Every structure is written in C-alpha cells, then in structure tokens.
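**Q** Structure for this input, please:
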Amino acid sequence: MPVCPVCGSKEWIKRYKIDAWTIEECSTCGFADIDPMPVRENRADCYSEEKVVERNVKQKSRLQKLSRFLKQAFSKVTKREKQAIFYNKLRRYLLPGSKILDIGCGDGSFISKAKEDYACTGIEISDYLASLARKRPGIKVITGNFLNTDFANEKYDGVTLISILEHLDGPEEAIKKCFDLLSAGGVLLLKTVNYSCLNRLIKKKSWTGFRPPDHVVYFNPSNLEMLLEKTGFGKIKISAMPFNDNMYCEAWRKE
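**A** Numbering: from 1, shown residues only. Presented below is the predicted three-dimensional model:
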C-alpha cells in the first residue's frame with residue numbers, strides 16, 4: 001500500500017478512472033496521484049520532440065479552443081502572463097545579480113527574460129526543448145531529470161518551479177531538493193494545478209488538470225503548505241482562486 005508523501009497515511013480513495021490510470025486520493029489530507037505511476041527512467045520519453053509537437057497541435061473541441069483564447073486574452077489585458085508574474089516576483093524579492101534556477105525551463109522563454117537582471121540556469125528533461133533554450137544567449141541549460149541530477153553543492157538565491165511539480169513522481173523529494181538548493185533566505189516560487197478548485201469538482205474526470213501520464217501528482221493549498229512546512233520552509237504564501245485551475249506559492253528558506 002503506497003504511503004502519502006504529505007501526511008504518511010496509507011488510506012486511499014479511488015476517485016476517477018481515466019483511460020489506463022486511476023486518480024487516487026489520500027483520505028486524510030487530499031493529496032492525489034495516478035496509479036500506475038510512470039517509471040522515472042522513462043519520463044524523458046514523454047517530452048521528446050515528437051510528443052511535444054503532438055501536444056501542441058492536438059485538436060481540441062471548439063469550446064476548449066474558445067476557453068484557451070479567452071484565458072490568453074484575459075492574461076494580456078490584466079498583465080497576468082506567466083512570465084511577467086514570476087519575473088516581477090523575482091524583482092520584488094531578490095537583488096539584481098542573484099542566482100536563479102528554473103526547473104523545467106522548457107525552451108528558455110522565462111529565463112531568457114529573467115537573465116536581464118539575474119544569473120540564470122535552467123534544467124530541462126526534454127532534449128528537444130533544452131536544445132531550443134540553448135539557442136538563447138546568456139543562460140546555462142542542463143539536460144536531465146531534476147530528481148536525478150547532481151548539482152554538486154551549488155546554491156541558488158531563487159528557485160522557480162513553474163507548472164512542473166505536477167509532472168514529478170517524487171513530490172516530497174522534489175520539494176526537499178529545492179530546499180537544499182536554496183541559500184539561506186532564498187525563495188522558492190511555484191505554480192501548480194489546484195486539485196481543490198471548483199472546476200475539478202464540477203468537471204470531475206474531464207477537468208483540464210488531469211493529463212495522465214504527463215501530470216502525475218495533485219495538491220490543494222492545504223496539503224502543499226503541509227509538505228513545505230514538513231520540508232523546513234519558513235514563511236509560506238499560497239494564492240488560489242476558487243475557479244482557477246492553478247495555484248501560486250512563495251516559500252522562503254529560513255535565514
């Protein structure tokens with residue numbers, strides 16, 4: 001019987017069945033994951049050029065296309081674009097020249113902007129996306145699975161985990177590794193899907209956050225805070241709107 005990485009419970013509820021996977025939920029804290037869990041050594045295969053392109057061009061219903069268009073338009077009007085949100089957070093909390101690690105940096109679009117003020121390193125599991133990121137000057141890019149990569153005692157002032165936690169099969173291991181990579185007083189900036197949002201409760205198994213075997217773990221604000229506190233983070237701020245599929249978190253390593 002699997003043990004919940006947040007609270008240690010062994011009691012699970014089988015909540016949804018999606019294709020070959022079951023979404024199972026911890027009956028104590030509400031953390032959820034997929035069963036069966038993908039083999040970690042095979043995860044890079046999910047992010048090959050073929051798979052990345054396939055996801056980008058996958059046909060969606062007219063309603064889904066309209067929803068995506070409206071979300072993008074809203075983000076531009078309200079200046080809530082992902083890159084701007086996290087860049088502004090870095091500027092608020094860290095001095096120019098600070099060292100930044102972007103986990104799951106993709107094609108490097110975020111750290112390409114952040115490098116204007118910071119010394120940026122990205123890590124990306126996809127050879128294809130990492131090759132695109134390396135075409136952007138002024139950033140260092142590591143290719144590999146974050147959970148398996150040895151950073152050789154390197155320390156960073158800021159670590160960003162933007163829409164990545166839900167992809168990692170070892171969430172407790174990932175948060176602990178982020179903590180260890182931060183210098184004293186350093187900040188972790190995180191965005192992940194919000195399992196407790198009303199959209200999931202309404203749409204159930206059709207919720208956009210369910211993407212097995214790509215998305216493998218799911219948090220709500222309460223159990224995410226529990227895991228961060230368990231790991232050793234001090235001040236923690238979590239923002240989650242009821243109908244927003246995502247939540248945002250800022251957590252500091254104690255001085």
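**Q** hey, what's the closest residue to residue 239 other than its chain neighbours bridged with?
**A** Of all residues not flanking residue 239 in the chain, residue 248 sits nearest, at 4.6 Å (CB to CB, 6 or more residues apart in numbering). The way it works is simple: take the backbone N, C-alpha and C, and place the C-beta from them, glycine included. Applying DSSP bridges to residue 248 yields these beta-bridge partners: residue 191, residue 239.
**Q** For the residue nearest to residue 119 when sequence neighbours are not counted, which residues are in contact?
**A** Taking CB to CB, 6+ apart, and ignoring the residues beside it in sequence, residue 119 has residue 99 as its nearest neighbour in space, at 4.9 Å. In this structure, residue 99 makes contact with 118, 119, 121, 155, 156, 157, 158, 183, judged by CB atoms under 8 Å, 6 or more residues apart in numbering.
**Q** Which helix or strand contains residue 122?
**A** Here residue 122 is covered by strand 119-124, with elements defined by DSSP states H and E.
**Q** Between the two ends of stretch 14-27, how far is it?
**A** Distance across stretch 14-27, first residue to last, is 10 Å (CA to CA, to the nearest Å).
**Q** Could you do stretch 22-35 as well?
**A** Counting by CA to CA, the length from the leading to the trailing residue of stretch 22-35 is 5 Å.
**Q** now stretch 228-237
**A** Stretch 228-237 has its terminal residues 11 Å apart, counting by CA to CA.
**Q** what comes into contact with it?
**A** For stretch 228-237, the surrounding residues in contact (CB under 8 Å, 6+ apart) are 6, 172, 175-176, 179, 188, 225, 249-254.
**Q** Now with 7 Å, please.
**A** Stretch 228-237 is touched from outside by 175, 176, 179, 225, 249, 250, 251, 252, 253, 254, with contacts defined as CB atoms under 7 Å, 6 or more residues apart in numbering.
**Q** Would you tell me what the next helix or strand after the least confident helix or strand in the chain by mean pLDDT is?
**A** Taking mean pLDDT, DSSP states H and E as the measure, helix 62-78 is the helix or strand of the chain with the lowest mean score, a mean of 46. The element immediately downstream of helix 62-78 (helix or strand, assigned by DSSP H and E) is helix 82-93.
**Q** Could you check the angle that following helix makes with strand 119-124?
**A** Angle, helix 82-93 to strand 119-124, by axes from the mean of the first three to the mean of the last three CA atoms, to 10 degrees: 140 degrees.
**Q** Parallel or antiparallel, list what pairs with the helix or strand just after helix 82-93.
**A** Downstream of helix 82-93, the next assigned helix or strand under DSSP H and E is strand 99-103. Based on DSSP bridges, the strands next to strand 99-103 in the sheet, each with its direction, are strand 119-124 (parallel), strand 156-162 (parallel).
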